[in-house]
Each structure stands twice: as structure tokens, then as C-alpha cells.
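K.L.:
This is a predicted model, with the sequence first.
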Amino acid sequence: MKTFEINTKQYINKPLDVVFQFFSKPENLEMITPESLSFNILTPISIRMETGSLIDYTIRLFGIPIHWRTLISDYEPPFRFVDQQIKGPYTFWHHTHTFQAVEGGVEIIDKVKYSLPLGWLGTLAHSIWVRKDLEKIFKHRKTVIQNYFEIINISTERMIES
């Protein structure tokens, strides 16, 4: 089984606890996931994030609904959490989210290790489509997250001015 990896970093000009709080709410996944995936959480929204939490949702690939179940296998607020696919399109998915306080804000680090089914066909699909699609998804997430926290800055400034 060939394992692939994607690593991304992003800087947000907000305190660590504010940034982590956003990511600790699974309902925010819909906001940061491209609309083309038709992301839908099946687990009731009052999900408590902690080690052992299970989150069920669906996405659509080529119009086909895919049930995805995620286990929060490690939860260390406000510094990190890990989600692992229990059921879904990958044979292996391990996503580590790390939040590190840096001067003036937070550095968000995403490290995803994953494997695809179908042996050499999965590897071929990865080189043709899957890697590019995942990079596109993480680029979308980065843009949405940046915009979200910029809007918070603007709203806070307007409240102070009032």
C-alpha cells in the first residue's frame, strides 16, 4: 500500500484559543469545504470534540454520495488534534492539525497521510487526479479560513469604533 502525504501551513493573525475554537467545531467543515463536494454532516451538530469522537458525513464524488466516518483519535486543545478515516474513499487517511502560537498570531499546520484503494490503479489515479484535487481542496480551505478571520477583524474593528 503506497502512502502519500500533503503538508500545508497557514498564518492567522488571531490568538491561539480563537483559532483553535473555530477548528474544534465540526460544523465549520462545511464552510471550508468546496461546494462541489456537497459536504453534509450526518452526526447531530452538538458534536463534542474530544478523543474518541466520531463524526459521520457525506461528500459527493462525480455525483456519487460517499459516506465518510472520522474518528478524533487525539485531541489536545488548543495545540493539536488528529482525525482518522474509519470509513470512506481512502484505504488510509490520517490528518494531523497543529496550532502553534507565533509572534502576532497562529501558524496552522496540516499534515495528511493517505492511501488509495485499487493498488497500481489507485496510484495512477493519484498521479492524474487525486493529488491535484486534494491540493485544490486545501487551497480552497486556506482562502476561506483567511477570509473568515479577516471578516472577524473587520467586525471587531467596527464594534470598537461604535
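P.N.:
Sure, I can see it.

K.L.:
Remind me which helix or strand the spatially most central residue of the chain belongs to.
P.N.:
Residue closest to the average C-alpha location in the chain (C-alpha atoms, centre = their mean): Leu29, at 6.6 Å. With secondary structure defined by DSSP states H and E, Leu29 is part of helix 28-32.

K.L.:
remind me which residues of this protein are low pLDDT?
P.N.:
Counting by pLDDT under 70, the chain has low-confidence residues at 152-162.

K.L.:
ok, now with 50
P.N.:
Residue ranges of the chain with pLDDT under 50: 154-162.

K.L.:
for it, which strand is longest?
P.N.:
strand 64-76 (DSSP state E).

K.L.:
for the next helix-or-strand element following it, which positions count as buried?
P.N.:
Per DSSP H and E, the first helix or strand lying C-terminal to strand 64-76 is strand 80-87. For strand 80-87, the neighbour count (16 or more other C-beta atoms under 10 Å) marks 81-85 as buried. Yep, even glycine has a C-beta here, placed from its N, CA and C like the rest.

K.L.:
Now render these as JSON lines, adding distance to Gly52.
P.N.:
JSON lines is the format used below for these (distance: C-beta to C-beta, whole Å):
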{"residue": "Phe81", "distance to Gly52": "12"}
{"residue": "Val82", "distance to Gly52": "12"}
{"residue": "Asp83", "distance to Gly52": "12"}
{"residue": "Gln84", "distance to Gly52": "11"}
{"residue": "Gln85", "distance to Gly52": "15"}
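
K.L.:
ok, of those, which one's closest to Ser36?
P.N.:
Distance to Ser36 across the buried residues of strand 80-87 (C-beta to C-beta) is lowest for Gln85, with 19.8 Å.
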